[in-house]
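Enquirer: Provided below are the primary sequence and the corresponding predicted coordinates.
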Amino acid sequence: MESPSGKLVHITTFGCQMNEYDSARMLGILSELGYAPAESPETADLVLLNTCSVREKAQHKVYSFVGALREVKRQRPGMIIGVGGCVAQQEGRQLLKDIPYLDLVFGTGALERLPELIAEAASGRRVACTDLDPGPLAPRRVALANPGLKAMVTVMQGCDNFCAYCVVPHVRGREKSRAAAQVVEEVAALAKAGVREVTLLGQNVNSYRDPEGGADFADLLEMVAGVPELWRVRFTTSHPKDLSPRLIEALAGIDKVMDQLHLPAQSGSDRILKAMRRGYTRARYLALVKDLRRRAPDLALGGDIIVGFPGETEADFQASLELIEAAGYDFLFSFKYSDRPFTKAIDLPGKIAEAEKSRRLARLQDRQREISLALHRAQVGKLEEVLVEGPAKRGTGLMTGRTRANRAVNFPGPPELAGRLVMVRVEQGLVNSLRGKLVDPA
């Protein structure tokens, strides 16, 4: 296939970190075909939208985004417009039927086939590829030119849990782990290119298993932490039912693994947890939190809560409020339940009115803001290791970075500190960040 050298691509990403990583993979693949990033969709020869279908109105976002390009496409008929990701996997060829000026639909398992799919689209064919099983996971091609200070690396894809509300297994397929050697090789390449912190990604990293050597996720953390140029390792997401004592030990005992864990609970009610098919009880979840606090006292814990799941009573909701108190979340992702295609919950009775879901969500988020503020104020006076990311978005002369617990810290300092590890003493705790003073600029 001839390389369209000199052409421009623009990739817009909706959704989770997994999608962000997949977009980086796309850019790596396309750079090998001669594509360079375009500043805007309107100036690109190839426009790709990487979509998410986990939350409601996902399809609406797709139609709105692609619709805005209709006139550009009319003026420049050679432009190729493609939709990928979870909505593409979910809707498939229907998107081509609904959007006559759309050229390409590619699902979550088709990224490695992008070169041939784009070639087909360039020849005038309208293409849809939604094969969920691409075979063994290939080494990821990620653009290494100026990768930045931090990067994400997928260690597995898919999910076997089939929670009642979740569309992920239906649009990303069953669990499939990458070979540990591939992961370490990619991390090492990123580190040599200047990356100092990686986040290992998977729908459920706790169930990772090396298909070549049988290593589990705790083993993988040790291997990745052994990359010399790398300073920091994070990971997400962890399923509570698979959080093993061995992984807790790795989190607490490997110095390069940061003091942060995202452990979604989804509800504080045993009745709702059972209906959600989560595989654990409230007591089991809080026992895990207790063990984590014992082994890693500096840990910043994050969670997810869904409000308004079908059949959720006021008492069930109160149980979720009590859970966030007991867990002491540093950060929380909270959502209103919405019906998703293919899921079990879509047929459950007892749907909650939208207004009531909104009220519950507001109450939950108000309480979490109070909890986060109290936790951040408790950091005042502490000395923190901070990886400096660059100038703060607000405030003249301020730099910003992240602690080991992934809390944002803003502090006065010179621009040349970017990319370095420094020590900062916390002077003020805010809801979403900390403020501090540089202690060791040397």
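Expert: In hand now; what should we look at?
Enquirer: Which pLDDT value does the model give the residue nearest to residue 7 when sequence neighbours are not counted?
Expert: In space, and not counting its chain neighbours, residue 7 is closest to residue 45: 4.2 Å by Cβ to Cβ, 6 or more residues apart in numbering. Bear in mind the C-beta positions are built from the backbone N, C-alpha and C, glycine included. Residue 45 is assigned 95 on the pLDDT scale.
Enquirer: One more: residue 408?
Expert: Confidence score, pLDDT, at residue 408: 97.
Enquirer: How about it: what's its closest non-neighbour residue?
Expert: residue 433 is the one closest to residue 408 (Cβ to Cβ, 6+ apart), at 4.1 Å.
Enquirer: Do you know the pLDDT at that neighbour?
Expert: So, for residue 433, pLDDT stands at 96.
Enquirer: how about it, phi and psi?
Expert: The phi/psi pair for residue 433 (degrees, to the nearest 10) reads phi -160, psi 170.
Enquirer: and it, how many neighbours does it have?
Expert: Using other Cβ atoms under 10 Å, residue 433 is surrounded by 15 other residues.
Enquirer: Then residue 45?
Expert: Neighbours around residue 45, by other Cβ under 10 Å: 18.
Enquirer: With the one 4 residues further on instead?
Expert: Residue 49 is flanked by 24 other residues according to other Cβ under 10 Å.
Enquirer: partners of the helix or strand it falls within, with directions?
Expert: Using DSSP states H and E, residue 49 maps to strand 46-51. For strand 46-51, the paired strands and their directions (DSSP bridges) are strand 8-13 (parallel), strand 80-85 (parallel).
Enquirer: C-terminal to that strand, what's the next element?
Expert: That would be, after strand 46-51 and using DSSP H and E, helix 58-67.
Enquirer: distance between the helix or strand following that following helix and the chain's centre?
Expert: Going down the chain from helix 58-67, the next helix or strand is helix 70-75, by DSSP H and E. How far helix 70-75 lies from its chain's middle: 33 Å, per Cα atoms, centre = their mean, to the nearest Å.
Enquirer: where along the stretch 151-300 of the chain do the helices fall?
Expert: 168-172, 180-192, 217-225, 245-253, 270-276, 282-295 (DSSP state H, counting those that start in this stretch).
Enquirer: As CSV, those helices with mean neighbour count, distance to residue 407 and mean pLDDT would be great.
Expert: Putting the helices of the stretch 151-300 of the chain into CSV (neighbours: other Cβ atoms under 10 Å; distance: least, Cβ to Cβ, whole Å; pLDDT from 0 to 100) gives the following:
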stretch, mean neighbour count, distance to residue 407, mean pLDDT
helix 168-172, 22, 28, 87
helix 180-192, 19, 24, 95
helix 217-225, 21, 21, 98
helix 245-253, 16, 17, 97
helix 270-276, 19, 29, 98
helix 282-295, 16, 17, 98
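Enquirer: Tabulate those (JSON lines), appending distance to residue 200.
Expert: Shown next, in JSON lines, are the helices of the stretch 151-300 of the chain (distance: least, Cβ to Cβ, whole Å):
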{"stretch": "helix 168-172", "distance to residue 200": "17"}
{"stretch": "helix 180-192", "distance to residue 200": "7"}
{"stretch": "helix 217-225", "distance to residue 200": "7"}
{"stretch": "helix 245-253", "distance to residue 200": "12"}
{"stretch": "helix 270-276", "distance to residue 200": "25"}
{"stretch": "helix 282-295", "distance to residue 200": "18"}
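Enquirer: wait, which of these is closest to residue 366?
Expert: helix 270-276 (20.8 Å; Cβ to Cβ).
Enquirer: Could you name the helices and strands sitting against the closest one?
Expert: helix 314-327 (3 or more Cβ pairs under 8 Å, 6 or more residues apart in numbering; DSSP states H and E).
Enquirer: Residues contacting the helix it packs on from elsewhere in the structure, which ones?
Expert: 265, 267-272, 282, 285-286, 289, 301, 303, 305, 307, 332, 360, 363-364, 367-368, 371 (Cβ atoms under 8 Å, 6 or more residues apart in numbering).
Enquirer: angle of the strand holding residue 49 against helix 58-67?
Expert: Angle, strand 46-51 to helix 58-67, by axes from the mean of the first three to the mean of the last three Cα atoms, to 10 degrees: 170 degrees.
Enquirer: isn't there a helix covering residue 400?
Expert: No: with DSSP: H, G, I helix; E, B strand; the rest coil as the criterion, residue 400 is assigned strand and is not in a helix.
Enquirer: and the gap between it and residue 389?
Expert: Computed as Cβ to Cβ, to the nearest Å, the residue 400 to residue 389 distance reads 6 Å.
Enquirer: Below-threshold pLDDT in the stretch 1-150 of the chain: ranges please.
Expert: Within the stretch 1-150 of the chain, the ranges that satisfy pLDDT under 70 run 1-5, 56, 132-146.
Enquirer: need the strands for the stretch 101-250 of the chain, in chain order.
Expert: Under the criterion DSSP state E, counting those that start in this stretch, the stretch 101-250 of the chain contains strands at 104-106, 127-129, 150-154, 156-157, 176-177, 197-201, 232-236.
Enquirer: Take those strands and lay them out in TSV including distance to residue 348 and mean neighbour count.
Expert: Conversion of the strands of the stretch 101-250 of the chain to TSV gives the following (distance: least, Cβ to Cβ, whole Å; neighbours: other Cβ atoms under 10 Å):
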stretch	distance to residue 348	mean neighbour count
strand 104-106	30	27
strand 127-129	31	21
strand 150-154	32	21
strand 156-157	28	24
strand 176-177	29	22
strand 197-201	30	22
strand 232-236	28	22
